[in-house]
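Undergrad: Give me a 3D structure for the following:
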Amino acid sequence: MSKSRKAIVSVEGTEITILAHREQDYISLTDIARHKDPARTDYLISNWMRNRNTIEFLGIWESLNNPSFNPIEFDGIKKSAGLNSFILTVKQWVEGTGAVGLISKPGRYGGTFAHKDIAFEFATWISVEFKLFLIKEFQRLKEDENSRLSLAWNLNRTLSKLNYRIHTDAIQAHLIPPEVTPAQAAITYATEADLLNVALFGRTAKQWRDANPKLVGNMRDHATLEQLLVLANLEGMNAELIHMGLSQGDRLTRLNQIAIRQMRVLTASTAVRKLKG
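TA: Model (predicted):
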């Protein structure tokens, strides 16, 4: 179970920690409670969890988002909620029901964390005004993240297009006889483009279009950052292999092997970054 520190936002002078967990955003309930009473954060969270409305909300959220949720155990907890003797900790809730919406994290940046849906509900219980400011800062954070991802994607797309020019120049110099018609040249270009498509994506452009008739654009428009980076590398490498006089079949084999190695490295690096946040 990976939990990594992702970001901190400041909401009305209170720093709120956000984690990347299960590829979702989890917000610190401990930090939210600190806004109201820094000395009694655990007490505030415990009181919130004793509330019958809270239990019902948590149960509905888990039912919608967690296929492993235990509804039988949940019913037993719900029946006890509201009694003077009723006490429920995050650990009891998670262990009893298999819940995933709440987690406890030890260590320097530890505390109780909740999926953003649940965290916003807790923030409402603490302060409606504070909740609205929290949502605003959270949205700003997500917009910044999306902007950075878009910039990285566009950069790799640009690199791919620049390398494509190198690639087509090599085709012009070594694969297209001087007297071919423009239509014949286009066929050669398309063949070489599909050579890269098959080496990286495992299919030609037409095969991708036939399999994805509802998508707009081509397979490269829907490629991941990692695939675009490898594609840019393959275009430059194919140009060099063309200059070396290798046949199309030999180039396809080599480029496919290179694509596999590079994708393994890049996807492994991406997985490590997600674990570290």
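
Undergrad: where along the stretch 101-250 of the chain do the strands fall?
TA: 102-105, 111-115 (DSSP state E, counting those that start in this stretch).

Undergrad: Relative to Ile60, which of those is closest?
TA: strand 111-115 (12.8 Å; Cβ to Cβ). (C-beta placed from N, C-alpha, C; glycine too.)

Undergrad: coming back round to it: out of the strands of the stretch 101-250 of the chain, which gets the lowest mean score?
TA: When the strands of the stretch 101-250 of the chain are compared on average pLDDT, strand 102-105 comes out lowest at a mean of 88.

Undergrad: Can you show me the CA trace of it as CSV?
TA: Extracted in CSV, the C-alpha atoms of strand 102-105 (Å, rounded to 0.1, in the frame of the first residue of the first chain):
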residue,chain,number,x,y,z
LEU,A,102,-9.9,6.6,5.3
ILE,A,103,-6.2,5.8,6.1
SER,A,104,-3.9,6.4,9.1
LYS,A,105,-0.3,7.2,8.2
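
Undergrad: ok, back up a step: name the stretch among the strands of the stretch 101-250 of the chain that sits most buried.
TA: strand 111-115 (a mean of 24; mean count of other Cβ atoms under 10 Å).

Undergrad: What is that one packed up against?
TA: strand 14-21, strand 24-28, helix 29-36, helix 41-50, strand 102-105 (3 or more Cβ pairs under 8 Å, 6 or more residues apart in numbering; DSSP states H and E).

Undergrad: Distance from the longest one to the middle of the chain?
TA: Right, helix 41-50. A distance of 31 Å separates the centroid of the chain from that of helix 41-50, by Cα atoms, centre = their mean, to the nearest Å.

Undergrad: Kindly report the same for the third one.
TA: Put simply, helix 29-36 sits 27 Å off its chain's centre (Cα atoms, centre = their mean).

Undergrad: Now do it against strand 24-28, angle only.
TA: 40 degrees (axes from the mean of the first three to the mean of the last three Cα atoms, to 10 degrees).

Undergrad: can you check the first one too?
TA: Computed by the same axes, to 10 degrees, the angle separating strand 14-21 from strand 24-28 equals 150 degrees.

Undergrad: Which elements pack onto strand 14-21?
TA: strand 3-11, strand 24-28, helix 29-36, strand 111-115, helix 128-174.

Undergrad: how about the CA coordinates for the fourth one, as CSV?
TA: What follows is strand 111-115, C-alpha atoms only, in CSV (Å, rounded to 0.1, in the frame of the first residue of the first chain):
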residue,chain,number,x,y,z
GLY,A,111,-2.2,11.5,10.8
THR,A,112,-5.6,10.6,9.4
PHE,A,113,-6.2,11.0,5.7
ALA,A,114,-9.3,10.7,3.7
HIS,A,115,-10.3,10.6,0.0
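
Undergrad: chain center to that strand: distance?
TA: With Cα atoms, centre = their mean, you get 19 Å for strand 111-115.
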